[in-house]
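Peer 1: sharing a model prediction with you, sequence too.
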Amino acid sequence: MPVLQSSIESGSEACRANREAYQALLATLRARQAHVVDGGRERAIERHRSRGKYLPRERIDMVVDAGTPFLELSTLAGFGQYDDEVPGAAIVTGIGIVAGVPCMFIANDATVKGGTLLPASIKKHVRAQQIAEENRLPTIYLVDSGGAFLPLQDEVFPDKDHFGGTFWRQARMSAAGLPQLSVVLGGCTAGGAYVPALSDEVVIVKGIGRIFLGGPPIVKAALGEVIDAESLGGAELHTFESGVADHIAYDEPEAYGILRDIVAGLNQPGIAAPPHAPGPPLLPPESIGAVIPHDARVPFDVREVIARLVDGSELQEFKPRWGESLVTGTARLHGYPVGIVANNGIIFAESALKATQFIEMCGQRRVPLLFLQNTSGYMVGRDSEIAGIAKHGAKMVSAVANASVPKLTVLVGGSYGAGNYGMCGRGFQPRFLFAWPNSRIATMSAQTAQTVLVDVRRGGLDAGSVDEAEIEALRREVGEQYERQSDPYYATSRIWDDGLIEPGQTRDVLGLCLALAARAPGTPGPFRVFRM
């Protein structure tokens, strides 16, 4: 394949400024991630440990194979919400390798609101189940939860994607041959009791694990029966008498040993070796920060990013001289084939047609697709309308929606308007979607929104009644709103992506995602490839 050449002068003043700006972004990201892990709740963590219990990430470390990666998802879910009192949305999700088998982990964090589930917690739980189903992964539930967060019960209980939806998915995945395994490490009360009850196999730890539909206070209120938690739903009762649990462990390490033995006997496939020998890019991935301008309004050539992601920095471009605001081509990433659709600015009619044909080709050849988003959307104006931007953009959107191969998306810059849809945003259900800490996502940029809404307000007023102070206040209010709501932390808090990742780690993250996607590669589409 042709090798991409960099035009970046690594020693230039511009590169130095870009690197410094990006290091500041990374420092903020790392500090906020560290806060999720153990910040601001020292007393809760101390109390948790005094009960002989481990933290959720420590538990996962004790289960996964030594020396293998763990891809944590949506680490910053809940950030800036709920008075900043629910770091990580009180739940840890991610993908790890257990006895050679990739598994989805869903682990409650009892140091955050007692592990109770808020709306963001449920959304994060559901998203993890969706990823497990799409990539045919067994799911491991490390249960230590007080159940639904009752003050917000109307936002977590009745709707289809609320708590009940997690049970529905759990039952459906088991029926589809995707093992559902639970380790009970704390309370499983009321609806929470159904997480282990719906699992194929359950391990419970004596002294800390408890399962009951109604805890001691409810039993006393309903029946007048006074009983302690261990006698009502402890490990010995459910292992020796009720049969709700299948294995009893006398401490957490023993429980994880049992769990690993269970996974080893699942008869589930591991990760297949890539079809080609992987090789590193010729340009180091960690140098991506020097490529991204510190001013988001300054464009950059997305080939500089691709050259730092793909094996050997090799890209076989498709239609390189036509529709140049979109880069399309095939490459290998960690040895796996991938078709890349990457923005080099606004999407014109010919760019949309080029993308449509390329996406169709990748679908027929069963090549996974990688979308690198950095666009203000589809081109507007009379010339674009004459060129058929609406119908050609619709072709691109339809091709993305109907491509049955695995789709991965990374927001490397702006993601605005319908460009988000055409480049496989969350609404088009990519297998995985990650964002960089410089990214922005909204219907339009703050500057454009200010212009549009101010013009609308002026248009609704008589020329003599325009209050310039009111107009300026509106401009400021709109700008602040759009800046706040397009911030990547605002987006990741609401799980519009599967996590903010560092640019230098993108290649490895995508390599793992492609390896997982190869377990369920999709099928060719029903039509031939139409030339555009």
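Peer 2: Ah, there it is. Numbers count the residues shown, from 1 in each chain.

Peer 1: for residue 335, what are its contacts?
Peer 2: Taking CB atoms under 8 Å, 6 or more residues apart in numbering as the criterion, residue 335 is in contact with 273-278, 311. Using the backbone N, CA and C atoms, a C-beta is placed for each residue, glycine as well.

Peer 1: counting by contacts, list what the longest strand seen in the chain packs against.
Peer 2: With DSSP state E applied, the strand covering the greatest number of residues in the chain is identified as strand 407-416. Other elements packing on strand 407-416 under the criterion 3 or more CB pairs under 8 Å, 6 or more residues apart in numbering; DSSP states H and E are strand 369-375, strand 432-435, strand 440-442, helix 506-517.

Peer 1: circling back to that earlier point, where is pLDDT lowest across the contacts of residue 335?
Peer 2: Lowest pLDDT of those: residue 273, 90.

Peer 1: that residue and residue 334, how far apart?
Peer 2: 11 Å (CB to CB, to the nearest Å).

Peer 1: neighbour count winner among those two?
Peer 2: Neighbours were tallied for residue 273 and for residue 334 using other CB atoms under 10 Å; the higher tally belongs to residue 334 (21 against 11).

Peer 1: got a list of what residue 132 touches?
Peer 2: So, once contact is read as CB under 8 Å, 6+ apart, residue 132 ends up touching 104, 138-139, 173, 178.

Peer 1: ok, and which of the helices and strands packed on strand 407-416 has the densest surroundings?
Peer 2: Among the helices and strands packed on strand 407-416, judged by mean count of other CB atoms under 10 Å, the one packed with the most neighbours on average is strand 369-375 (a mean of 26).

Peer 1: what about residue 527, which helix or strand?
Peer 2: Mapping residue 527 onto the secondary structure by DSSP states H and E places it in no helix or strand at all.

Peer 1: for residue 320, see how far away the residue found closest to it once you drop the neighbours it is linked to in the chain is.
Peer 2: Nearest residue to residue 527, sequence neighbours excluded (CB to CB, 6 or more residues apart in numbering): residue 360, at 7.5 Å. From residue 360 across to residue 320, the span is 18 Å (CB to CB).

Peer 1: same check, this time on residue 44
Peer 2: Distance from residue 44 to residue 320, counting by CB to CB: 56 Å.

Peer 1: what does residue 246 give?
Peer 2: As for residue 246, its distance to residue 320 is 58 Å (criterion: CB to CB).

Peer 1: quick one, which of the two is more surrounded?
Peer 2: Remark: of residue 246 and residue 320, residue 246 carries more neighbours, 18 against 15, as counted by other CB under 10 Å.

Peer 1: ok, that one - contacts?
Peer 2: The neighbours of residue 246, taking CB under 8 Å, 6+ apart as the test, are 201-203, 239.

Peer 1: and with 10 Å instead?
Peer 2: By CB atoms under 10 Å, 6 or more residues apart in numbering, residue 246 lies in contact with 181-182, 196, 199-204, 238-239, 258, 262.

Peer 1: where does the residue lying closest to residue 244 once chain neighbours are set aside land on pLDDT?
Peer 2: In this structure, residue 244 finds its nearest non-sequential neighbour in residue 238, 4.2 Å apart by CB to CB, 6+ apart. At residue 238 the predicted local distance difference test score is 97.

Peer 1: same question for the one 4 residues further on.
Peer 2: Confidence per residue is given as pLDDT, and for residue 242 that number is 95.

Peer 1: I'd say it and residue 213 touch.
Peer 2: No - the pair formed by residue 242 and residue 213 falls short of the contact definition of CB atoms under 10 Å, at 11.5 Å.

Peer 1: quick check: neighbours shared by those two?
Peer 2: Shared contacts of residue 242 and residue 213, defined by CB under 10 Å, 6+ apart, comprise residue 233.

Peer 1: after the longest strand of the chain, next one along is what?
Peer 2: Scanning forward in sequence from strand 407-416, with DSSP H and E defining helices and strands, the next element found is helix 418-422.

Peer 1: which helices and strands does that next one pack with?
Peer 2: strand 336-343, helix 349-365, strand 369-375, helix 389-402, strand 407-416 (3 or more CB pairs under 10 Å, 6 or more residues apart in numbering; DSSP states H and E).

Peer 1: after the shortest one comes which helix or strand?
Peer 2: Beyond strand 369-375 on the C-terminal side, the first helix or strand identified by DSSP H and E is helix 382-386.

Peer 1: circling back to that earlier point, closest one to residue 300 among the helices and strands packed on strand 407-416?
Peer 2: Proximity of the helices and strands packed on strand 407-416 to residue 300 was assessed by CB to CB; the nearest stretch is strand 369-375, lying at 8.0 Å.

Peer 1: dump the C-alpha coordinates for that closest one into CSV.
Peer 2: Provided in CSV are the C-alpha atoms of strand 369-375 (Å, rounded to 0.1, in the frame of the first residue of the first chain):
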residue,chain,number,x,y,z
LEU,A,369,-15.5,0.7,9.0
LEU,A,370,-13.7,3.4,11.0
PHE,A,371,-15.2,6.9,11.0
LEU,A,372,-13.0,9.8,12.1
GLN,A,373,-15.2,12.8,12.7
ASN,A,374,-14.2,16.4,12.3
THR,A,375,-16.8,18.4,10.4
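
Peer 1: and that strand, how far out from the chain middle?
Peer 2: If you compare the mean C-alpha spot of strand 369-375 with that of the full chain, they lie 15 Å apart, counting by CA atoms, centre = their mean, to the nearest Å.

Peer 1: list the strands paired with that strand, with their directions.
Peer 2: strand 336-343 (parallel), strand 407-416 (parallel) (DSSP bridges).

Peer 1: next, the angle helix 506-517 makes with it.
Peer 2: 140 degrees (axes from the mean of the first three to the mean of the last three CA atoms, to 10 degrees).

Peer 1: quick one: mean pLDDT over strand 369-375.
Peer 2: 97.

Peer 1: thinking again about what came up before, could you check the pLDDT of the residue nearest to residue 527?
Peer 2: 95.

Peer 1: does it touch residue 402 like I think?
Peer 2: Yes - shown here, residue 360 and residue 402 form a contact pair, counting by CB under 10 Å, at 9.0 Å.

Peer 1: find residues that contact each of those two.
Peer 2: 525, 527.

Peer 1: between these two, which is the more surrounded one?
Peer 2: A count of neighbours by other CB under 10 Å puts residue 360 above the other of residue 360 and residue 402, at 22 against 14.

Peer 1: residues contacting the more buried one?
Peer 2: Taking CB under 10 Å, 6+ apart, we find residue 360 in contact with 395, 399, 402-403, 524-525, 527-532.

Peer 1: list the buried residues of stretch 277-293.
Peer 2: Buried residues in stretch 277-293, counting neighbours by 16 or more other CB atoms under 10 Å, are found at 281-283, 285, 287-293.

Peer 1: typo on my end, it should be stretch 87-106
Peer 2: If you call a residue buried by 16+ other CB under 10 Å, then stretch 87-106 has these buried ones: 87-99, 101-106.

Peer 1: I'd like the average pLDDT over it.
Peer 2: 97.

Peer 1: is it true that residue 204 touches residue 193?
Peer 2: No - taking CB under 10 Å as the definition, residue 204 is not a contact partner of residue 193, at 11.7 Å.

Peer 1: that's all I had, so thanks and see you.
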